[in-house]
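K.L.:
fold the following, please.
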Amino acid sequence: MTGAPDTAHRAAPVEQVMVTALSADGSTRRPDHVVGEEPLEIRVGGPFGPTEPVAVTMRTPGHDFELAVGFLLSEGLLAGQSDLRAVKYCDLPEDDPQAFNVVTVTSARPVEVGARRRRTTVSASCGICGTATLDELRDRCPSVPAGEALPAEVLTSLPARLRESQHVFAQTGGLHAAGLFDAAGSVLAVREDVGRHNAVDKLVGWAAMQRRLPLASSVLVVSGRVSFEIVQKAAVAGIPVLAAVSAPSSLAVATAQALDMTLAGFVREGRANLYAGAWRVEGSPA
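P.N.:
Numbers count the residues shown, from 1 in each chain. Have a look, this model is predicted:
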């Protein structure tokens, strides 16, 4: 796979602003840090044909190549990591303000975007899902790998371990995180973003670019609630266990059950609710 390194971008994941801080002693002006938010246009093309825009999503700058690849995998526009041929920022003039806000992914085979193109900007908070029904997702992901047994004490410790790796959150308090862990609880990778879906896409893109898919021995931990789209993205990546600090939706539970994925919600130190796939967690009723 070729492409310029995903290191330089004009906008930063953290920006400094001035605030008026109110307290019982009055008000003061001081600097504060906020999370960066910029649009990213994702384009895709085959080895010889023209590239086409697929979506514009609001994201935290950084790991843009991973975000684009992960998004295209979850949408089914890349069938797998072997389809990935190149990723790069688009060739725009250096002084163009969007120079680092447009990423093109080249597939090893022809790509038909068609009805999957997003005609509007996608906000960071909403899901982006090209799979309209659970049946379609079942066709793409009949079941997730069995993976490894996960001790209950490891599962319930993971949100705290994720929090320790949320470096941008520590500065801003204003974004989501997604982390990949092994069955022993060791961190494999963590990504942060204003959109929880983007954070997961960045992880999936990282794994694809590292040729690590499927993530059959991994646990995905997310800092917010779990929607259908989060379960979908985990399933496409072959992740058997998904844990969250907050609640799942009803469709997320139904999807995890249908795909035989382990889904845990309200995970805290020493406790968790297992909504599906309890058999993978050692120390819990099957």
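K.L.:
residue boundaries of the strands in the stretch 101-250 of the chain?
P.N.:
102-107, 121-122, 150-151, 176-182, 187-193, 218-222, 241-244 (DSSP state E, counting those that start in this stretch).
K.L.:
for these, which one sits closest to G270?
P.N.:
Closest approach to G270 among those (C-beta to C-beta): strand 150-151, 12.6 Å. Glycine gets a C-beta too; all of them are placed from N, C-alpha and C.
K.L.:
give me the sheet partners of that closest one and which way each runs.
P.N.:
strand 281-282 (parallel) (DSSP bridges).
K.L.:
my guess is R30 is in a strand, correct?
P.N.:
Yes. Counting by DSSP: H, G, I helix; E, B strand; the rest coil, R30 is located in a strand.
K.L.:
ok, for it, nearest residue in space, not its chain neighbours?
P.N.:
By the measure of C-beta to C-beta, 6 or more residues apart in numbering, the closest residue to R30 outside its immediate chain neighbours is A21, 5.7 Å from it.
K.L.:
the one you found: how many residues sit nearby?
P.N.:
10 (other C-beta atoms under 10 Å).
K.L.:
what about it, helix or strand, and which?
P.N.:
Assessed by DSSP states H and E, A21 sits inside strand 14-23.
K.L.:
for the strands of the stretch 101-250 of the chain, which one sits closest to R138?
P.N.:
Closest among the strands of the stretch 101-250 of the chain, once you apply C-beta to C-beta, is strand 241-244, at 16.8 Å.
K.L.:
by contact count, what packs against that closest one?
P.N.:
When contacts are defined as 3 or more C-beta pairs under 8 Å, 6 or more residues apart in numbering; DSSP states H and E, strand 241-244 packs onto helix 152-164, strand 218-222, helix 228-236, strand 262-268.
K.L.:
closest to D139 out of the ones you listed?
P.N.:
Of these, nearest to D139 by C-beta to C-beta is helix 228-236, at 11.6 Å.
K.L.:
for stretch 77-97, what is the distance to the chain centroid?
P.N.:
Chain-centre distance of stretch 77-97: 18 Å, with C-alpha atoms, centre = their mean, to the nearest Å.
K.L.:
buried stuff in that stretch?
P.N.:
With burial defined by 16 or more other C-beta atoms under 10 Å, the residues of stretch 77-97 counted as buried are L77, L78, Q81, D83, L84, R85, A86, V87, K88, Y89.
K.L.:
again, but for stretch 195-207
P.N.:
195-207.
K.L.:
got the buried residues of stretch 77-97 as CSV, with secondary structure and pLDDT columns?
P.N.:
Shown next, in CSV, are the buried residues of stretch 77-97 (DSSP: H, G, I helix; E, B strand; the rest coil; pLDDT from 0 to 100):
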residue, secondary structure, pLDDT
L77, coil, 91
L78, coil, 93
Q81, helix, 93
D83, helix, 93
L84, strand, 95
R85, strand, 94
A86, strand, 94
V87, strand, 95
K88, strand, 93
Y89, strand, 90
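K.L.:
sweet, I'm off.
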